[in-house]
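**Q** this one's structure only:
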């Protein structure tokens, strides 16, 4: 068994696919060639077909395209502040009500509330995930009254 290259990058593999694709190797043969050089788990045959198709229609970039999902502007600092203010004013607001009033998607709203602000839904109210110093002080005061 021949020695395989142990380290490689995605871009290197894609460059090899591009090169061999211009030599008129079909994707199945190309995949076998890659496996013989880089090892069995180098890239899936489906991905080889995908990249061959891209190169055949004129695609020349070897890097990944920008990922899908909501735009970065939806989770901007301004939107985070606006969501925090709305929740602070009325903790009983529903997810879709806040999202529609701010004109952002529910997915973006979810990301802001749970990931950025760290809130969670308890009963019908939004509460911070961790206690602030003010909350801790109220807790001690309440405990002292018993």
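**A** Received, thanks. Note that the coordinates shown come from a computational prediction; the quantities given were computed from them, not determined experimentally. Residues are numbered from 1 along each chain as shown.
**Q** what are the ranges of the strands in the protein?
**A** Ranges of strands in the chain, per DSSP state E, are 119-122, 125-128.
**Q** Direction included, what does the first one pair against?
**A** Okay, so that is strand 119-122. Within its sheet, and counting by DSSP bridges, strand 119-122 is paired with strand 125-128 (antiparallel).
**Q** Below-threshold pLDDT in this protein: ranges please.
**A** Of all residues in the chain, those with pLDDT under 70 make up the ranges 1-2, 65-74, 122-124, 126-129, 146.
**Q** residue contacts, the closest residue to residue 82 other than its chain neighbours?
**A** Once flanking residues are discounted, residue 82 sits nearest to residue 102: 5.7 Å by CB to CB, 6 or more residues apart in numbering. Glycine gets a C-beta too; all of them are placed from N, C-alpha and C. For residue 102, the contact set (CB atoms under 8 Å, 6 or more residues apart in numbering) comprises 79, 82-83, 86, 109.
**Q** In helices only, show me the residues you listed.
**A** 79, 82-83, 86, 109 (DSSP state H).
**Q** most neighbours, which of these?
**A** The most crowded member of these, judged by other CB atoms under 10 Å, is residue 83 (24 neighbours).
**Q** what's the neighbour count on the nearest residue to that one once chain neighbours are set aside?
**A** Nearest residue to residue 83, sequence neighbours excluded (CB to CB, 6+ apart): residue 112, at 5.0 Å. The tally of other residues near residue 112 (other CB under 10 Å) stands at 25.
**Q** In this structure residue 96 contacts residue 106, no?
**A** Yes. Under the criterion of CB atoms under 8 Å, residue 96 makes contact with residue 106 at 6.1 Å.
**Q** Now do the domain split for this protein, please.
**A** 10-56, 72-144 (automatic domain parsing).
**Q** Out of those, the one nearest residue 62 is which?
**A** domain 10-56 (4.4 Å; CB to CB).
**Q** From the chain's centroid, how far away is the closest one?
**A** 26 Å (CA atoms, centre = their mean, to the nearest Å).
**Q** pretty sure residue 111 contacts residue 75?
**A** Yes. With contact defined as CB under 8 Å, residue 111 counts as touching residue 75 (5.7 Å).
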